[in-house]
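Visitor: okay, here's the prediction I keep looking at, along with the sequence it came from:
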Amino acid sequence: MVTKTRHTTLIFLLFAQFASHAQASFSERILTPSDTLNKQRLNTLVIGSTLGGTATLAGLYQLWYADYPQTSFQFNNDNRDWLGMDKLGHATTAYYTAVTGIRAMRWAGVKNRKAIWYGALPGWLFLATVEIFDGFSEQWGFSTGDFIANTGGSALAIGQEALWQEQRIMLKFSFHESPYRKLRPEMLGESLWSSWLKDYNGQTYWLSVSPGSFGWDIWPEWLCLSAGYSGRGMITGDADNQASRPEFAYLERAPQFFASLDIDMTKIPVKNKFLRTLFHAINVVKIPFPAVEFSPGRGLRGHGIYF
């Protein structure tokens, strides 16, 4: 069974993060969440998400599965591929899908508990459906690791909304151009624009949290401590496949761990509702800051500014 090479998680991530902000116009009235159930808004969300989700699944089926034979349901253990980077992409996608759905339900005036479940579950079901499609495709197979990552990302969003009605522990994403893209551009991206989707060597996933959100008054709530994870030396998803290719055998595949600072854009005190909505939308991106890196084989390294 071949390694998955469809770099889709970030597409889903951005779609999820921006889609429910379609209600963001320059009208203060439209941007304001409803205090009571607004059936017109709710119907718009339900109909729009149903039609959009169905159309997207149909399109993905034609794009990814129609040209490959179908088979009985099968599993694919791809947990070692890409040093686990794709799993973090799945978790981050599911997290922001849930966060965005919950905000959308609150915008429509749905009460807290129902907003959490009605907002988070559709995105999780969408991602689970894609995994089931994989399971019936001879080309792929159902990835238990992907499914667990999707569930974990959704659970992180749901749990925080249930406990605090806000996100204090956030998953984030950053990207820089890596030197590996030019070694295999057909896999890692022909251009810088395509490589941010395809090149896991240039992606970093972060966990950001502000001590100020947990009652430490001397720490501003918008300033976060951030721990990141990435990988280097990855030309193919599978390490054994890469090692068997003489032209790439010299590359050292290794994880990278980072410590840095970050900004929670949702905690920036602005009154303008459009700006607040915009800050929520871009909060998926980790703000560049100095960082400390540890990687096996390299030890500790400092970065004056890290993307």
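Guide: Done, it's in. Numbering: from 1, shown residues only.

Visitor: next secondary structure after the helix or strand harbouring residue 45?
Guide: Element membership for residue 45 (DSSP states H and E) is helix 39-60. Taking DSSP H and E as the definition, the helix or strand that follows helix 39-60 towards the C-terminus is helix 85-107.

Visitor: quick check: chain neighbours aside, which residue is closest to residue 71?
Guide: Of all residues not flanking residue 71 in the chain, residue 138 sits nearest, at 4.4 Å (C-beta to C-beta, 6 or more residues apart in numbering). The C-beta positions use only the backbone N, C-alpha and C, and glycine is treated the same way.

Visitor: so that neighbour versus residue 68, what's the distance?
Guide: As judged by C-beta to C-beta, to the nearest Å, residue 138 and residue 68 stand 6 Å apart.

Visitor: neighbour count winner among those two?
Guide: Counting neighbours by other C-beta atoms under 10 Å for residue 138 and for residue 68 shows that residue 138 has the greater number, 14 against 11.

Visitor: do you know the pLDDT at that one?
Guide: In this model, residue 138 is scored at 87, pLDDT.

Visitor: from memory it sits against residue 73, does it?
Guide: No. Judged on C-beta atoms under 8 Å, residue 138 makes no contact with residue 73 at a distance of 11.3 Å.

Visitor: look at residue 122 and give its secondary structure.
Guide: In three-state terms, and counting by DSSP: H, G, I helix; E, B strand; the rest coil, residue 122 is helix.

Visitor: circling back: where's the helix holding residue 45 relative to the chain centroid, distance-wise?
Guide: On the basis of C-alpha atoms, centre = their mean, to the nearest Å, helix 39-60 is displaced by 20 Å from the centre of the chain it belongs to.

Visitor: could you give the mean pLDDT of it?
Guide: 86.

Visitor: can you check stretch 265-275 too?
Guide: When pLDDT is averaged along stretch 265-275, the result is 87.

Visitor: so where's this protein uncertain?
Guide: Along the chain, the model assigns pLDDT under 70 to residues 1-31.

Visitor: tell me which residue lies farthest from the centre of it.
Guide: For the chain, the C-alpha lying farthest from the average C-alpha position belongs to residue 246; by C-alpha atoms, centre = their mean, that distance is 33.6 Å.

Visitor: gap between the two ends of stretch 200-220?
Guide: 32 Å (C-alpha to C-alpha, to the nearest Å).

Visitor: now the helices for this protein?
Guide: With helices called from DSSP state H, the chain shows them at 9-19, 28-31, 39-60, 85-107, 112-135, 144-164, 185-188, 192-198, 239-243, 273-282.

Visitor: which one of these lies closest to residue 296?
Guide: Each of the helices of the chain was scored for nearness to residue 296 using C-beta to C-beta, and the closest is helix 239-243 (13.7 Å).
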